[in-house]
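J.: 3D model of this:
(chains A and B)
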Amino acid sequence: MENIVFLIFRRMRAPLLILVLTYSIAILGLVLIPGRDADGNVWHMDFFHAFYFVSFMASTIGFGEIPYEFTAGQRLWVSFSIFFTVVVWLYSIGTVLALLKDETFQHALTERRFARQIKRMREAFYLVCGYGQTGEALVKSLTDRNQHAVVIDILQDRVNLLKLENLREYVPGLCGDARLPAHLLEAGLNHPRCRGVVALTNSNEANLKVAITSKLLHPEIEVICRADSHDIEANMASFGTDYIIDPFDTFALHLATAIQAPCLSLLQDWLSMGHSDLLKDPVYPPCEGLWVICGYGRFGKAIYDKLIREGLEVIVVEANPDTTGIPSTAFVMGRGTEANTLMEADIERAAGLVAGTDNDANNLSIIMTARELNQDLFVIMRQNRKDNDPVIEAVRADMVMLPSEIIANQIRVLLGAPMQHQFVKLVLHQEDEWACELISRISALVTSHAPEVWEVAFTEEDSHAVCAHVRRGEQLTLAQLMIDPRNRETNLPCIPLMLLRHNEWVLLPDPELSVQKDDHFLFCGSHYGRDRMEWTLQNENALSYILTGEARPEGWIWRRLINKGAT
Amino acid sequence: MNPEKVLFGFFIVLALTLNFGFFVGDLDNPDHHHVYELFAVIVVNLVATILKFGDRTQMGAVLLATSLVAMLQLFAAALVWTMVVHVTGTGLTSVAMASIVSLSGGAMLANVISVILLIIETVMLRR
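T.: Below is the predicted model of the structure:
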C-alpha cells in the first residue's frame, strides 16, 4: 500500500511543481495588468477572478472574458499564457495517465492485490512453484479435489494462463522468481495455513533453492521437489526435503515392476488414476529377449539400469555419446531414426524398443521406422510435450512416459491421499498372485472407469454415527459397515484395502474385524459405494437399520409411543 | 553540497519568511496586509509541500504533515478573503481581516515547526 502512494508522489512531484508555477505566473500576470470595467474605469482583476479564469483557460474549457471584456494588454498576456498553461496541463495529466499504465505501478498494484488474497486465505493450501505442464496438471487435480493452491511462476504468460483455466477453486497466481525468498514469503510461505511447498520449476537449482528456503523459514511444512539429477536429489535429501520426485526413475521403477509383476503394476495404475479415466488394460513388457534403447539421456540411463538389473540384453543407440557417456554393454552410434542404425542395433530380433530421446518428432520417427522392420515390438515412448497428445495416441505405443503427468499424479496422491500413497508402497512387497486376485475383485465392482479410492476416519467429525455406536460399547464389524443402507440384503460395491490402527498398517483387513474409534480405513470401489457408506457413517438411523433391519422412530413423540408400547 | 537540499531548504525557509511578512502589522488593519503577499505565501507553500512528497522517512512524514497544516490554514484565509470581498460583499472589515491574519498566523506556526525540523535534521546529519 505505502509503496504505491510513495510511487505516485514521487512521480507527480515534477508535473505538480510545474503546474503550480505556471498557474501562479499566469494568475499574477492577470492581476497586475490593468483592465477596464464596463464604464471605462481602470480596473484590476483580483486573485479570485484570475484564478477562476486561469483554471478554465488551462483546461481549454473557455467561458469567454470575464467579468469585463479584456483590454489589449490583458489579451496579449492571455494569448501567451494559454500556450504555456495548456501545455503544462496536458503534461501533468499525461504523466498521471502514464503512471497508471506504467508497468512498475501495475506490478505494484497486482502484487498488493495478491498479498491481500493470500492474507485472506482461510483454508489449507499448497504453494506450487512453477506453473509449467506439471504445475498445471497438479493444480488441476488438487482443485478437482477441493484443495487449495497458490502458484508462483517466473513468466507472466503462464500466470495469465492460470486465470483462463477453468478451475473449481480460485487459485491466486504471482509472477515472480521463486528463487527469491521475498516472493515465497509473499505467496504465503509463512502463512499458518500453508501445508506444503511443491517445487516444480524446470531448473534443478531453482527447486533446490525453493526447498532450502522453505525448510529454513517454515520447517514444519512438507516440501516436495522435482529433480532429475542424482546429485541434486542427494543434496535435497540432505536437509530433509520430504519427497523428491524423479520422473525418470519413477517410470523406470514402474517398468521394472511391470516386467516382474504385471498385476502389481496394473493395480498401482488403477488406484492412482483419476476416477473419470477409463480403465487401462494390463501391459506385459517382454521379460526376455533383446531391448533396444534409443537415447541415453537421463531417461535412457534410468531404464537401462533397471533392464540390466532384470538381467535383460540391452543395446543402446545414442547420437551424442560425448555428452551422455557410453554404457558398458553394446552400443551403436546414431539417432535411431534411420533404418540402418536400427538394423545395426539388431532391431529385427529385438523384443522391446524404448524411444527415449528428448524430441517427440524423433521418438515418433524411431517407432515408425522400427515397426517397419519388426512388427511385434513392445514399444515404450517418452513423450516430452503434452500438446503432442493426438499424434502420440495415433502411434499406439504400449507404454507412454510423460514426465509432467507422472510427477503430477504422484504429488496428487501424496498430498490428497497419504494412505493411498502408503498402500501403493506396501503393495510393492506383495506377490504378483496377491495383486492379480485383488485386481479381479476390483474389476468385479467397477465397470469401464477407474475405481474410486477413499479414506474413512472413525472420528467424531467424519463418522458421527459409528463413533456414537462404538462409544455405547456395542460391536460393529467392518462387514456390517459395507452393507447397503438402502437395502440390507445387499453389500456395497467396495473393498477395504488397508487399516491404520495405532500406527500399524494392515493390508486387506478381515471383514469380521470390529472397528474402533480413531481407526483409519482405505476403501476402493464405485462412486455409489462411497456415497452410501458416507450415509451409514453419519446417520444413526441408517446405521441402526443396517444393524437391526428396522427403521428407528425419528421424532420425539414416536419414540415415546414406541417406548410406552414396549413397557 | 546537494542541490536538491538547497532547493528544499530554500522553499521551506521562504515559505516561513513570506508568511511572517504577511502576518506582521496590526491584526485588523487591511492596509498592513497585502493580497499579493498572501498569494506569494500560498504559491511558495504549495511548492514546499510538493517538494516534500515521496520522502519515506519519519522526518519526511512529519515535514509533510506540517506543510499540509499550513496549506489548510492558508487556503482557509484565502477563502475568507474571497468570501468577504466577492460573495458577501461586506468588504475587508476589521473582523474579516483579523480572522484572515490569524489564520495565516496559524500557518506560520506550522511553517516554524517545519523550519525547526529542518534544522534538527541538518544538525543530526553532522556533515
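J.: if you skip the residues just before and after it, what's nearest to A:A479?
T.: Excluding its sequence neighbours, the residue lying closest to A:A479 (Cβ to Cβ, 6 or more residues apart in numbering or on different chains) is A:P511, at 3.8 Å. All C-beta spots, glycine's among them, are computed from the backbone N, C-alpha and C.
J.: is that neighbour in contact with A:L476, as I believe?
T.: No - checked against Cβ atoms under 8 Å, the pair A:P511 and A:L476 is beyond contact range at 11.9 Å.
J.: now do the shared contacts for the two.
T.: Common neighbours of A:P511 and A:L476, counting by Cβ atoms under 8 Å, 6 or more residues apart in numbering or on different chains, are absent.
J.: what about those two, which has more around it?
T.: Shown here are A:P511 and A:L476; by other Cβ atoms under 10 Å in any protein chain shown, A:L476 has more neighbours (18 against 14).
J.: and the more buried one, its phi and psi?
T.: Dihedral pair for A:L476: phi -150, psi 120, per degrees, to the nearest 10.
J.: for chain B, what are the nearby residues on chain A?
T.: A:2, A:6, A:9-10, A:12-13, A:16-17, A:20-21, A:24, A:27-28, A:31, A:46-49 (Cβ under 8 Å from any Cβ of the partner chain).
J.: measure A:R298 to A:V391 for me?
T.: Look at A:R298 and A:V391: by Cβ to Cβ, to the nearest Å, they are 23 Å apart.
J.: what's the helix or strand for the spatially most central residue of chain A?
T.: Central residue check for chain A by Cα atoms, centre = their mean: the C-alpha nearest the mean position is that of A:V139, 2.1 Å away. Per DSSP states H and E: A:V139 is located in helix A:133-144.
J.: what sits up against that helix?
T.: Identification of contacts with helix A:133-144 by Cβ under 8 Å, 6+ apart yields A:126, A:128-129, A:131, A:148-149, A:151, A:153, A:161-162, A:165, A:167-169, A:171, A:198, A:200, A:226, A:274, A:385-386, A:403-405, A:407-409, A:411-412, A:415-416.
J.: show me chain A divided up by domain.
T.: A:2-101, A:121-245, A:250-418, A:451-548 (automatic domain parsing).
J.: let me have these in TSV, extended by mean pLDDT.
T.: TSV is the format used below for those (pLDDT from 0 to 100):
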stretch	mean pLDDT
domain A:2-101	86
domain A:121-245	87
domain A:250-418	83
domain A:451-548	83
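J.: and chain B, which residues reach chain A?
T.: So far as Cβ under 8 Å from any Cβ goes, chain B lies against chain A at B:35-36, B:39, B:43, B:46-47, B:50-51, B:53-54, B:56, B:78, B:81-82, B:85-86.
J.: what stretches of chain B score poorly on pLDDT?
T.: For chain B, the stretches with pLDDT under 70 are B:1, B:125-127.
J.: have a look at it and report its longest helix.
T.: When chain B is parsed with DSSP state H, its longest helix is helix B:94-125.
J.: neighbour-wise, give me the winner out of the residues of chain B next to chain A.
T.: Neighbour count (other Cβ under 10 Å) singles out B:L46 as the most crowded of the residues of chain B next to chain A, with 24 neighbours.
J.: OK, contacts around that residue?
T.: Here B:L46 is in contact with A:20, B:71 (Cβ under 8 Å, 6+ apart).
J.: what's around residue 101, how many residues?
T.: Let's take chain A. A:K101: 8 neighbours (other Cβ under 10 Å).
J.: please refer instead to chain B.
T.: As a burial measure, B:V101 scores 22 neighbours (other Cβ under 10 Å).
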